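Q: show me how the following folds:
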Amino acid sequence: MQISAYLTFTGNCREAMHFYQQCLGGELSIQTVGESPHFMKMPKAMRNAILHATLINESLILMASDMVPEIGLVSGNAISLMLDCSSEAQIKQCYLDLSTGGTQTHPIQYSYWGSLFGDLIDKYGNHWLLQYQGS
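A: Residues are numbered from 1 along each chain as shown. Okay, the predicted model is just below:
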């Protein structure tokens, strides 16, 4: 089994996913509502909204959409995105890139459990935990 993160945005999914691609690398695929078979059932104003986006880089899979449920988007701190990095250089670069325009809440430092660890809130309000276990 594997679990993947699925983010929901309110109209800026394309922008966010391009930002994440710049920070994390990988292949990005995006499908708009207008490109789906059901586009005629959706309001014309939603045709450019992102129905589904996927960013894949090796084992990293990040998915997203602009499809907000009727109750609206409820942001909170209940979900974090955990990024296990493969080197000290990678964790430092990802931390710097992902925190651009956001908030560095816990700088990268060695933790009591022996790994490099830090967390941040990106400019889209998503909470990221980054760690590198070392070799």
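
Q: how much space separates the closest residue to Met46 other than its chain neighbours from Ser111?
A: Closest residue to Met46 apart from its sequence neighbours, by CB to CB, 6 or more residues apart in numbering: Val33 at 5.1 Å. Every residue, glycine included, has its C-beta placed from N, CA and C. Per CB to CB, to the nearest Å, Val33 is found 43 Å from Ser111.

Q: go on, Gly101?
A: Here Gly101 is placed at a distance of 26 Å from Ser111 (CB to CB).

Q: what about Gln21, helix or strand, and which?
A: Under the criterion of DSSP states H and E, Gln21 resides in helix 13-24.

Q: off-centre distance for the helix or strand following that helix?
A: Once the chain leaves helix 13-24, the next helix or strand it forms, by DSSP H and E, is strand 27-32. Here strand 27-32 is found 14 Å from its chain centre; the criterion is CA atoms, centre = their mean, to the nearest Å.

Q: what is strand 27-32 packed up against?
A: In terms of contacts (3 or more CB pairs under 8 Å, 6 or more residues apart in numbering; DSSP states H and E), strand 27-32 is packed against helix 13-24, strand 50-57.

Q: dump the ones you listed into CSV; add mean neighbour count and mean pLDDT as well.
A: CSV is the format used below for these (neighbours: other CB atoms under 10 Å; pLDDT from 0 to 100):
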stretch, mean neighbour count, mean pLDDT
helix 13-24, 18, 98
strand 50-57, 19, 96
